[in-house]
Each structure stands twice: as structure tokens, then as C-alpha cells.
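*Asks:* would you be able to build a 3D model of this:
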Amino acid sequence: MNLEIEAKILGRYIIKENINDIAISRYIQGIEKLGYVQDNALVIKAIETPFLLPYIDAGLALTNKKHLLQKKLLLMFSVLETMPEYSSKFLSRSHSFFYLFVFFWIGTKGVIKALLGTILNKMLGRK
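*Replies:* All right, here's what the predicted structure looks like:
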């Protein structure tokens, strides 16, 4: 698997925008240093079909928090959070009372994704 493509996909998944070359470089360095170079079937499937990534991630959050994909996502999250140009994506903002409805809607979607992701992960064969 091409680590540059993997970094772009994971970065876009986390912050909903394209990431720069410095973030990609830091992610690749982290992957190599931590020994996460060897991919498994679920990681490959998530990168090949990015629209499944939220479901696979949510399913793994329920069933296997130490899966390689979870580790790679946490690494990318850490890289992006420490970069000044992306730090605003991780800071809290003030919201009105009505944001509670948005919060509950996002939570409901998260539960649905987790359930679908758990089923999807079993179908794809976790390794």
C-alpha cells in the first residue's frame, strides 16, 4: 500500500480537507518508526474504499480498539493535532442551546455507523 495515499485518505477522513506534504511526511515517518508498515486486509479495504472508512472505524471502536487501522488513525490524529495549521480543527467552539439537537443527531449516526461497521468488519474478516 502506498503510504502517501493512505496518509491523504486518513487525513481527509479526520479533518474533512486535504492535508499538506509536511503532515504526509510526518505520518510516514511515524508509520516507519512504530513498525506499522505491514497492512492487513481490513486496512487495505478501508483505504481502497474510503466511503467505508467511517463504518469500519466505528465498528473497530466497539470491537477491537487495538487494531492496526485504529493505531494508524490515532497516529494521523496526533500528527494533525500538533500542526499549527490544523490545530483549530481540534479546539472547542461555543454553541447555542440548539446545538444539543445536532449533538444527538451526530450521536445517533455514530451508533448506526458502529453497528453497521461491526457487521461489515465481520464480513470483511478482521485480521
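*Asks:* what sits against residue 110?
*Replies:* The neighbours of residue 110, taking Cβ atoms under 8 Å, 6 or more residues apart in numbering as the test, are residue 58. Glycine gets a C-beta too; all of them are placed from N, C-alpha and C.
*Asks:* what about stretch 52-64, distance to the chain center?
*Replies:* Between the centre of stretch 52-64 and the centre of its chain there are 9 Å (Cα atoms, centre = their mean, to the nearest Å).
*Asks:* how about residues contacting that stretch?
*Replies:* 9-10, 13, 42, 45-47, 67, 69-70, 73, 110, 113-121, 124, 126.
*Asks:* and those residues, which are buried?
*Replies:* 9-10, 13, 42, 45-47, 67, 69-70, 73, 113-114, 116-118, 120-121, 124, 126 (16 or more other Cβ atoms under 10 Å).
*Asks:* that older thread, give me the subset of the contacts of stretch 52-64 lying in helices.
*Replies:* Secondary structure from DSSP state H places 9-10, 13, 42, 45-47, 69-70, 73, 110, 113-121, 124 of those in helices.
*Asks:* all good on my end, thank you.
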